[in-house]
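Visitor: Whatever this is, show me its structure:
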Amino acid sequence: MRRTGFERDVSWGLALSSTRWLGYTSVVPLKTTEPTHTDDPLDADQAVIDRVLAGDRNAFGILIERYSDPLYRHAYGMTGSADVAEDILQVSFIKAYHHLAEVRGRFDAWVFRIVANGCKDWLKNIRRTHLSYEEDDQPSGLETPEEELDRGEMRRDLDGALQSLPSSLREAFVMKHVEGRSYEEMAELLDATVGALKMRVHRAREALQKLLEDRYQ
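Guide: Numbers count the residues shown, from 1 in each chain. The predicted structure follows:
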């Protein structure tokens, strides 16, 4: 399929921004342009959306820069893969650009749902045999080689346990304990009750503990 100029910009012509998830560093493609100043984030996003819909295509880069980091952290937490997270982010922003006129209310919540659905679709369509972190990107600090090996093994075990959870439990766990979101914010983004989300996080914790306790007791 032939891509538009905007899609090529998102995929290839963007600057790089560093982001972290549980101490792991990767990059998110960004396009930067001049900021839009306003005290209300909702108004600021809407001002950018109005500019894009009026024909200022490059203004969409403001929204990419504004929300790439938290969206990337979510995608990485859900998939465990930097490459997959970046792919989902690129596809999601392209989809958001083409459907920008459909935004009602908060842009950040709207685009989050696009990314979250992209993660769930990926999880449904891929059968993963293993997952490893990109250890070469991580600083060694003052740890001994043995300590680094143990830490890497724990990461892989935890990640494997996370990947075995149902997507709804993994999503709630990642949003609460990796992204540090409040239950109220989670409820707004996921269109769920606080009580239901607390139950999902609780079930995720129990499942992770059960999966890991045999190995580390």
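Visitor: Could you look up the SS state of the closest residue to Ala59 other than its chain neighbours?
Guide: Excluding the flanking residues, the one nearest Ala59 by C-beta to C-beta, 6 or more residues apart in numbering is Arg51, at 4.1 Å. C-beta: built from backbone N, CA, C; applies to glycine. With DSSP: H, G, I helix; E, B strand; the rest coil as the basis, Arg51 sits in helix.
Visitor: quick one: Arg51 and Ile94, what's the gap?
Guide: Arg51 sits 18 Å away from Ile94, going by C-beta to C-beta, to the nearest Å.
Visitor: how is this protein carved up into domains?
Guide: What automatic domain parsing lists as the domains of the chain is 5-125, 144-216.
Visitor: quick one: the strands in this protein?
Guide: Assigned by DSSP state E, the strands in the chain fall at 15-21, 24-30.
Visitor: still on that earlier bit, tell me the pLDDT at the residue nearest to Ala59?
Guide: On the pLDDT scale, Arg51 is placed at 96.
Visitor: wouldn't it be in contact with Arg57 here?
Guide: No. The pair Arg51 / Arg57 is not scored as a contact, 9.3 Å apart, by C-beta atoms under 8 Å.
Visitor: Look at these two and report which has more neighbours.
Guide: Arg51 (17 against 13; other C-beta atoms under 10 Å).
Visitor: And the spatially closest residue to Leu42 that is not a sequence neighbour, its phi and psi?
Guide: Among residues not flanking Leu42 along the chain, Arg106 sits closest, at 6.0 Å (C-beta to C-beta, 6+ apart). Arg106 adopts backbone torsions of phi -80, psi 130, taken as degrees, to the nearest 10.
Visitor: so Arg106 touches Asp45, yeah?
Guide: Yes. Assessed by C-beta under 8 Å, Arg106 is found in contact with Asp45 at 7.4 Å.
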